[in-house]
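[1] here are the coordinates; sequence isn't available:
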């Protein structure tokens, strides 16, 4: 039997906004800690929950940023795979300790 997926913190609110068509913008931060990304729509991934068990469908078609610290670097690949599975518009990671950006998925088309 497959267990239900779990929403990360603020995930239910973002899903409700998507359903209502009232997403404030196209960028969402997926963070591992509460002190990161608070100025943007965001979700906070709980410790101890495998990324494949997270409900992330509300990220489809959005620009997603995953900021992380070195202590969470081992969690990033699994989270990236789970986010890619819902087809975000773009996806990149940002190391807060090393100030490095990685573009996992970029925009297919840029409209000027």
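    That came through, no problem. Note that the coordinates shown come from a computational prediction; the quantities given were computed from them, not determined experimentally.
[2] drop to CA atoms for contacts and neighbour counts, all remaining ones
    Will do.
[3] how about the strands in this protein?
    27-31, 42-44, 63-68, 90-95, 100-105 (DSSP state E).
[4] note down every partner strand of the fourth one and its orientation.
    Each strand that pairs with strand 90-95, with its direction, by DSSP bridges: strand 63-68 (parallel), strand 100-105 (antiparallel).
[5] could I get those as TSV with mean pLDDT, distance to residue 3 and mean neighbour count?
    Listed next are these as TSV, based on pLDDT from 0 to 100; distance: least, C-alpha to C-alpha, whole Å; neighbours: other C-alpha atoms under 10 Å:
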stretch	mean pLDDT	distance to residue 3	mean neighbour count
strand 63-68	94	25	23
strand 100-105	75	29	13
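[6] including distance to residue 36, could the ones you listed go into a markdown table?
    Putting these into a markdown table (distance: least, C-alpha to C-alpha, whole Å) gives the following:
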| stretch | distance to residue 36 |
| --- | --- |
| strand 63-68 | 8 |
| strand 100-105 | 16 |
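[7] so for residue 41, which of the ones you listed sits nearest?
    With C-alpha to C-alpha as the criterion, residue 41 lies closest to strand 63-68 of these, at 10.1 Å.
[8] excluding its backbone neighbours, what's nearest residue 103?
    residue 92 (4.3 Å; C-alpha to C-alpha, 6 or more residues apart in numbering).
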